[in-house]
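Enquirer: Here's a sequence, model it:
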Amino acid sequence: MNKSMFAATAFAVMAAQAAPAAAFDWNGFYAGVGLGYASGDSDVSYDNYPAGFNLVPTGWFGGVTAGLNSAIGNGLVVGAEADLSLADITDTVPDIGDPDESVTSTTDWTGSLRGRLGFDAGDFMPYVTGGVVFAHGIASATDGDIEDDAVLTGAIVGAGVEFAVTDTITVKGEYLYSNFGDHTWFEGEVYANTSSTSSHAVRGGINFHF
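Expert: Purely as a prediction, here's the structure:
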């Protein structure tokens, strides 16, 4: 190898070592899985009883996620994301009408449709998110052995950050706040009550980009 070839080879090696890794391409479709923990707050008032009570359902949820990103310039990335999770988020408290009886609130699945706005920082992307959230709630009471269920709809907002770990795989962590407003359970019955429900959740996930 002559000196010029040696110098060119050495320069190429040094340039390759010095060059930063290519920035992650956030554009396109992705799908993944996630696991989270939620803590809710539900203020309950009976329609035919002066007193009320509070439920604090807590528990885990986990499921699938799918979304689409598009870079719009100036480092901004817009996207849409949907998720669906099985859940075990529950709380049981004594019935205010009879302390020997109990009232239970349970959420067994939840999902959302959200927009996302992120900032492309190379191999990571902080973002904010917001949209519509759904949850299947079940209210039950041992007094009379009654049960009611409904799909609650509300608003969800949050923020998170996503990190690239390979050319096609990212991991993320996010915080989400949901507010479901008021809902009447056992409507028209002597046990009728109205709940005002919100929740805080943290979730981690892994996404595969295509």
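Enquirer: which residues of this structure fall in strands?
Expert: Using DSSP state E, the strands of the chain run over residues 28-46, 52-55, 58-73, 76-95, 98-119, 124-141, 146-164, 169-185, 193-209.
Enquirer: Could you export these as JSON lines, including mean pLDDT and mean neighbour count?
Expert: In this view, the C-beta of every residue, glycine as well, is placed from N, C-alpha and C. What follows is the strands of the chain, written out as JSON lines (pLDDT from 0 to 100; neighbours: other C-beta atoms under 10 Å):
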{"stretch": "strand 28-46", "mean pLDDT": "96", "mean neighbour count": "17"}
{"stretch": "strand 52-55", "mean pLDDT": "90", "mean neighbour count": "15"}
{"stretch": "strand 58-73", "mean pLDDT": "97", "mean neighbour count": "16"}
{"stretch": "strand 76-95", "mean pLDDT": "96", "mean neighbour count": "17"}
{"stretch": "strand 98-119", "mean pLDDT": "94", "mean neighbour count": "17"}
{"stretch": "strand 124-141", "mean pLDDT": "97", "mean neighbour count": "19"}
{"stretch": "strand 146-164", "mean pLDDT": "97", "mean neighbour count": "16"}
{"stretch": "strand 169-185", "mean pLDDT": "97", "mean neighbour count": "17"}
{"stretch": "strand 193-209", "mean pLDDT": "97", "mean neighbour count": "18"}
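Enquirer: to the chain's geometric centre, what's the distance from stretch 77-94?
Expert: 6 Å (C-alpha atoms, centre = their mean, to the nearest Å).
Enquirer: can you offset everything so residue one is 5?
Expert: Will do, 5 is the new start, and the previous item becomes stretch 81-98.
Enquirer: how about the CA coordinates for that stretch, as PDB?
Expert: These are the backbone C-alpha positions of stretch 81-98, laid out as PDB (Å, rounded to 0.1, in the frame of the first residue of the first chain):
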ATOM      1  CA  VAL A  81     -43.300  15.700  14.500                       C
ATOM      2  CA  VAL A  82     -47.000  15.300  14.500                       C
ATOM      3  CA  GLY A  83     -48.800  12.000  14.900                       C
ATOM      4  CA  ALA A  84     -51.800  10.000  15.900                       C
ATOM      5  CA  GLU A  85     -51.900   7.100  18.300                       C
ATOM      6  CA  ALA A  86     -54.400   4.500  19.500                       C
ATOM      7  CA  ASP A  87     -54.100   2.100  22.400                       C
ATOM      8  CA  LEU A  88     -56.200  -0.600  24.000                       C
ATOM      9  CA  SER A  89     -55.400  -2.300  27.400                       C
ATOM     10  CA  LEU A  90     -56.700  -4.900  29.700                       C
ATOM     11  CA  ALA A  91     -56.800  -3.500  33.300                       C
ATOM     12  CA  ASP A  92     -57.300  -4.400  36.900                       C
ATOM     13  CA  ILE A  93     -57.900  -1.100  38.500                       C
ATOM     14  CA  THR A  94     -60.200  -1.400  41.600                       C
ATOM     15  CA  ASP A  95     -61.200  -0.200  45.000                       C
ATOM     16  CA  THR A  96     -63.600  -1.300  47.700                       C
ATOM     17  CA  VAL A  97     -65.000   0.800  50.500                       C
ATOM     18  CA  PRO A  98     -67.700   0.300  53.200                       C
END
